[in-house]
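[1] Take a look and give me a structure for this.
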Amino acid sequence: MMLKTVTALITTALITALPAHAESYEDLTATMNIVQVVGTIDPAKVTDYTEYLMSVNLYDGLTTADTKGNIVPNLASSWDITPDGKKFTFHLSENATFQDGSAVEAKDVVYSVKRLLTLNQGPAGFFQSYLNADGVKMIDDKTVVFNLEQPSSSFLATSPLLFVINSDLAKEKGGNNEWSEEFLASNAIGSGPYKLEDWQRGSRLILARNRNYFKGFKENPVEKVRILVTSDEATIKALANKGELDVSSIYQAHETLMAIEKLPNYHILDMATATGYYIKYNNQLAPTDDVNIRKAISAAIDYELVNEVLHPGVAMAGPLASLFQDAYLDDLEIPKFDLEKAAEYVKKSRYAGQPIPITLGYVAGTAFEEEVALMMQANLQSIGFKPTLQADPWSRVTEIAAQASTTPHVNQIFFGPTYSSPQSVFFNQYSSKSSGSWASMSWLNDAKVDEMIDAAGSELDSTKRNEIYQDLQKYIVDNQVDSFLQTSRYQMAVNNCLSDLKFIPIQSFFYDFSTLNWSCRPAGR
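    The predicted structure follows:
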């Protein structure tokens, strides 16, 4: 009897000592929403936040950036730069592979960069002034050299945007088209952490984990991501109430986020960013071609209402976020709401004494942008303007931005640096070379500004370069090219069982789903 008891105790102890069976989360799909459609997944044609979101998960660039904006290895394990800033040699990682298992080689980099520069869309504009298609050369299978036409202070910062395509597969699927445009419009052939499993255009996408990803994953990674395209606040609340939402868009109404925060399984992630929320004025179209009209509109904006209630953020004094500390001009004044001063500016304008019709554009379906537009409409009416609201879906906004004549007088635009340099902020928005994009709806076309931007782009001395950036900030503010509502804080509702995203100051790079993992199983799932 004693023997049986001792045996039972030993057996029980052994069972207790054995490790518990690890929870599996492979059946879980993380659901997030975005508020605008994905126009393209071709990495040579991406322009906005949804498209870069896809690129950073389906493809890899030569480099990437950390949370402080420092450029760190990705497909390239290291690089060398000549003292004159004109020759960059990248050494590719020995273990980098595409999603089909083939090795990433220098020939793929050469093909991808030549394709980008030849198609001349998306990120190509960042390289036009100093790199041509013949400037990229393969030295051996793992070494590629970029010979720049002139020194560039921003080339390394833009290298994360050089997404690399499987060139053999592209040529095989491209048929008579050397650059495989039709195939790559709907298919992804990169080395990224996720594969495109399904795409119902305009409504949803599903990404599936690339289990052979050369950089690996955290423990309990996200196997699938379901991306829903909806800006409807009621839909987002309903998904959260059912426990089916894991990450909300950063563009949800504050009211929606506060309602979700009250649910037991969610928290609100609040991230400081380098993204500006701008009121962009069409500098080429009457009446916003008059600096006094632009100053009048700027003084008629209730900044506190925007930043404390409608879309919480940090007051912004000029076009550059303070994250770019060395280049930031810190003696600019935060703009203030002052209707009396606004009326004085109207009197100084060449449109004084007459009705002043003006169109206030914003993205349709974005509740807080509509509220901002309504606030501006009411304030401007009180000082003699005749404002009309114009709500357009994002796809339409990008179309009308192509010409000054179709761009509304006033537009609400969020712009985050597309690469980790002040040059991105100024070149994308204010250089004449960028005219015709949604980021450049100011239609500045100012030769002096163009000259300063080009000078900063080729200046290798950081002190001199930052002085140019500070002069640019002062000039843009003095001429009221735009109004500056805030440096945005990205707020999103996140399921408590999913780890938080970490901000990276490159457009949408913080949406790298390979950095996420499950810590528990969401209730009901």
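
[2] Could you list the low-pLDDT ranges of the stretch 51-200 of the chain?
    Within the stretch 51-200 of the chain, no stretch falls below the threshold (pLDDT under 70).

[3] So which residues of it form helices?
    Counting by DSSP state H, counting those that start in this stretch, the stretch 51-200 of the chain has helices at residues 106-119, 155-158, 167-174, 181-184.

[4] So for residue 439, which of the ones you listed sits nearest?
    Among these, helix 155-158 comes nearest to residue 439, with 15.2 Å by Cβ to Cβ. In short, each C-beta sits where N, CA and C put it, glycine included.

[5] What helices and strands are in contact with the closest one?
    helix 422-430 (3 or more Cβ pairs under 8 Å, 6 or more residues apart in numbering; DSSP states H and E).

[6] For the helix it packs on, report the contacting residues that lie outside it.
    125-126, 153-154, 157-158, 276, 278, 319-321, 324, 327, 415, 417-418, 433-434, 437, 439-440, 442, 444, 446, 449, 452-453, 456-457, 469, 472, 476, 481-482 (Cβ atoms under 8 Å, 6 or more residues apart in numbering).

[7] Show me which residues of the very next helix or strand once past that helix are buried.
    Once the chain leaves helix 422-430, the next helix or strand it forms, by DSSP states H and E, is helix 447-458. If you call a residue buried by 16 or more other Cβ atoms under 10 Å, then helix 447-458 has these buried ones: 449, 450, 452, 453, 454, 456, 457, 458.

[8] Repeat that for stretch 471-484.
    For stretch 471-484, the neighbour count (16+ other Cβ under 10 Å) marks 471, 472, 473, 476, 477, 479, 480, 481, 482, 483, 484 as buried.

[9] From what I see, residue 387 and residue 381 are in contact.
    Yes. Counting by Cβ atoms under 8 Å, residue 387 does reach residue 381; the two are 6.4 Å apart.

[10] Now list whatever residues contact both of the two.
    Common neighbours of residue 387 and residue 381 (Cβ under 8 Å, 6+ apart) do not exist.

[11] hang on, the earlier thing: and the buried residues of helix 447-458 as TSV, adding pLDDT and distance to residue 307?
    Output for the buried residues of helix 447-458, formatted as TSV (pLDDT from 0 to 100; distance: Cβ to Cβ, whole Å):
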residue	pLDDT	distance to residue 307
449	98	27
450	97	32
452	98	29
453	96	28
454	94	34
456	95	29
457	92	32
458	92	36
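
[12] and residue 505, what pLDDT?
    Here, the pLDDT recorded for residue 505 equals 87.

[13] quick check, nearest of the buried residues of stretch 471-484 to residue 48?
    Among the buried residues of stretch 471-484, residue 482 lies closest to residue 48 (Cβ to Cβ), at 18.4 Å.

[14] need the contact list for that closest one.
    278, 279, 280, 281, 319, 429, 442, 476.

[15] circling back: between residue 387 and residue 381, tell me which one has more neighbours.
    residue 387 (22 against 12; other Cβ atoms under 10 Å).

[16] and that one, bridged to which residues?
    Note on residue 387: beta-bridge partners by DSSP bridges are residue 358.

[17] Offset the numbering so it begins at 584, please.
    In the new numbering, first residue 584, that becomes residue 970.

[18] Just the pLDDT for it.
    Reported pLDDT for residue 970: 98.

[19] That one and residue 963, how far apart?
    Here the criterion is Cβ to Cβ, to the nearest Å. By it, residue 970 lies 5 Å from residue 963.

[20] measure residue 1083 to residue 1076 for me?
    Residue 1083 is 12 Å from residue 1076, by Cβ to Cβ.

[21] quick one: which of these two has more around it?
    Using other Cβ under 10 Å as the criterion, residue 1083 and residue 1076 rank with residue 1076 on top: 27 against 14.

[22] For the helix or strand residue 943 falls within, which outside residues touch it?
    Secondary structure from DSSP H and E places residue 943 in strand 939-946. Identification of contacts with strand 939-946 by Cβ under 8 Å, 6+ apart yields 618-619, 870-871, 876, 880, 929, 952-953, 955-956, 959-960, 963, 967-977, 980, 983, 990-995.
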